[in-house]
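The following block contains a protein sequence and its predicted model.
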Amino acid sequence: MADVILRNISKRFGNVEAVRDLCLAVNDGEFVVLLGPSGAGKTTALRLITGLEQPDAGSILIGGREVTHDPPGVRDIAFVFQQYSLYPHLTVYDNLAFPLRSPARRVPEPLIKKRVEQTAELLHISGKLRNPATRLSGGEMQRVAIGRALVRDPAIYLMDEPLSSLDAKLRAELRLELKRIQLELGATILYVTHDQVEAMTMASRIGVIRDGRLLQLGSPREIYENPADSYVASRIGAPPINFLPARLVPEVVLPAGTEMLGIRTEHLQIGKRNGGRLVGRVHRVEHLGEQNHVHLEYKGKMLVTLADPHQPLDAGEDVELHLLHPLYFDAAGRRIPAAMR
Ligand code: ATP
């Protein structure tokens with residue numbers, strides 16, 4: 001496999017700046033996830049790497065070779081799309097063999113057989129090779145779609161929300177499998193999604209993207225614990241981070257310049273009233289089995305935190321709030337780093 005480097009890539013459609021000055025290196029064997037909302041420029045970034053779109057500015061290198069103006073066919077990329085695009089009249093075996101049978105590749109049939117069988121084993125669909133592609137479950141179809149990329153040995157795999165059409169249980173299963181396969185193959189993958197759980201569970205590094213701009217690139221832990229700004233902080237975490245204007249907690253000592261507190265559930269503990277100065281009111285308790293989501297009202301703002309399911313709490317009850325090392329943001333939403341606290 002190879003590394004992929006994007007240098008100051010920009011792409012505009014009319015007056016939409018789909019990708020702005022994007023710099024990104026996906027190292028050999030790395031699993032990089034671009035995480036962003038709809039319209040952030042994720043698909044465009046992938047299409048630029050494949051050569052399906054031409055950048056207005058910047059350059060793209062694959063394995064040290066500049067490919068910016070090369071046609072898609074010579075870039076040595078395998079692409080997995082959101083919608084599985086199988087050939088319905090072919091068997092699973094022939095769907096998997098298809099990319100290797102292209103006249104340009106001329107792979108001999110015995111080698112095709114070997115690659116197809118290895119891939120089917122990796123994806124746990126060996127028993128389905130003779131099935132028509134239409135006689136499969138949704139999860140199996142998506143495995144075949146991923147398998148059509150895996151039978152090849154490209155420089156990089158690009159994946160555009162390949163799990164988003166599956167139900168939650170299958171998505172969770174395939175997430176684990178995709179990560180296992182990536183580690184087994186040592187594959188280089190650039191994967192785009194709007195699903196924070198996929199990003200957190202599979203990525204070696206996450207790039208948070210918004211309005212065509214890469215806001216931060218780092219390990220899942222860095223992104224979660226040290227977000228560069230309030231937007232990045234809001235992209236990761238469930239329940240999502242709470243934001244509280246600093247003026248609502250005049251009794252708390254804050255770093256200079258703090259305008260907003262970012263309070264994740266682990267930064268907010270609640271307890272019985274016992275003389276503490278921050279008091280909120282329980283609005284609603286959601287019972288999720290192993291934990292409770294407690295929705296609280298504090299000076300007209302709603303906050304959510306987690307509580308032990310055995311902690312007795314009733315709607316309307318007043319509770320003390322304890323803040324444990326929340327995040328601090330300035331007026332522009334930039335994080336005030338820990339060193340300055
Ligand atoms: P989604 O998650 O919805 O697929 P995305 O992050 O992949 O979104 P893109 O598809 O890359 O976003 O689109 C980025 C922006 O560029 C959007 O505003 C979109 O409308 C615009 N765009 C993308 N392709 C074209 C095109 N061919 N012509 C005009 N505008 C386009």
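Yep, it's here.

Now for the residue of the stretch 51-200 of the chain found nearest the ligand: which residues touch it?
Proximity of the stretch 51-200 of the chain to the ligand (Cβ to the nearest ligand atom) peaks at residue 194, 5.5 Å away. Quick note: C-beta positions are derived from backbone N, CA and C, even for glycine. Under the criterion of Cβ atoms under 8 Å, 6 or more residues apart in numbering, the contact partners of residue 194 comprise 35, 36, 37, 38, 40, 42, 161.

Return only those of those found close to the ligand.
Restricting the contacts of residue 194 to those near the ligand by Cβ under 6 Å from any ligand atom leaves 36, 38, 40, 42.

Alongside the ligand, which residues does this protein contribute?
By Cβ under 6 Å from any ligand atom, the part of the chain that sits against the ligand consists of 13, 16, 18, 36, 38, 39, 40, 41, 42, 43, 44, 194.

Filter the residues you listed down to the buried ones.
If you count burial by 16 or more other Cβ atoms under 10 Å, the buried members of the residues of the chain next to the ligand come out as 18, 36, 40, 41, 42, 43, 44, 194.

In space, what's closest to the fifth one - neighbours in sequence excluded?
Counting by Cβ to Cβ, 6 or more residues apart in numbering, residue 192 is the residue found nearest to residue 42 once chain neighbours are left out, at 3.7 Å.

name the element that neighbour belongs to?
In this assignment (DSSP states H and E), residue 192 forms part of strand 189-193.

for the helix or strand just after that strand, what is the average pLDDT?
Toward the C-terminus, strand 189-193 is succeeded by helix 196-202 as the next helix or strand (DSSP H and E). Predicted confidence along helix 196-202 averages 95 (mean pLDDT).

helices or strands up against helix 196-202?
Contacts defined by 3 or more Cβ pairs under 8 Å, 6 or more residues apart in numbering; DSSP states H and E place helix 196-202 against strand 31-35, helix 168-185, strand 189-193, helix 220-225.

what's near enough to touch the most centrally placed residue in the chain?
The geometric centre of the chain, computed from its C-alpha atoms, lies nearest to residue 199 (Cα atoms, centre = their mean), at 2.8 Å. For residue 199, the set of contacting residues under the criterion of Cβ under 8 Å, 6+ apart consists of 33, 35, 193, 206, 220, 236.

Strands - which of the residues of the chain next to the ligand land there?
Restricting these to those inside strands, with DSSP state E as the criterion, leaves 13, 16, 18.

Just list the residues touching whatever residue of the stretch 201-341 of the chain ends up closest to the ligand, thanks.
Proximity of the stretch 201-341 of the chain to the ligand (Cβ to the nearest ligand atom) peaks at residue 212, 6.7 Å away. For residue 212, the contacting residues are 11, 17, 18, 19, 20, 22, 40, 41, 44, taking Cβ under 8 Å, 6+ apart as the criterion.

I'd like those written out as TSV, with pLDDT and distance to residue 143 added.
Written out in TSV, the entries for the contacts of residue 212 read as follows (pLDDT from 0 to 100; distance: Cβ to Cβ, whole Å):
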residue	pLDDT	distance to residue 143
11	98	32
17	97	36
18	98	31
19	98	30
20	98	35
22	97	31
40	97	27
41	97	28
44	97	27
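
Show me which pair in those residues is furthest apart.
Comparing every pair within the contacts of residue 212 by Cβ to Cβ identifies 11 and 40 as the most remote, at 12.8 Å.

re the thing from before, and the strand holding residue 192, what does it pack onto?
For strand 189-193, the packing partners by 3+ Cβ pairs under 8 Å, 6+ apart come out as strand 31-35, helix 42-50, strand 156-160, helix 196-202.

Tell me, what's the model's pLDDT at residue 131?
Turning to residue 131, the model gives it a pLDDT of 93.

out of everything not next to it in sequence, what's closest to it?
Closest residue in space to residue 131, ignoring its immediate chain neighbours: residue 92 at 5.3 Å, by Cβ to Cβ, 6+ apart.
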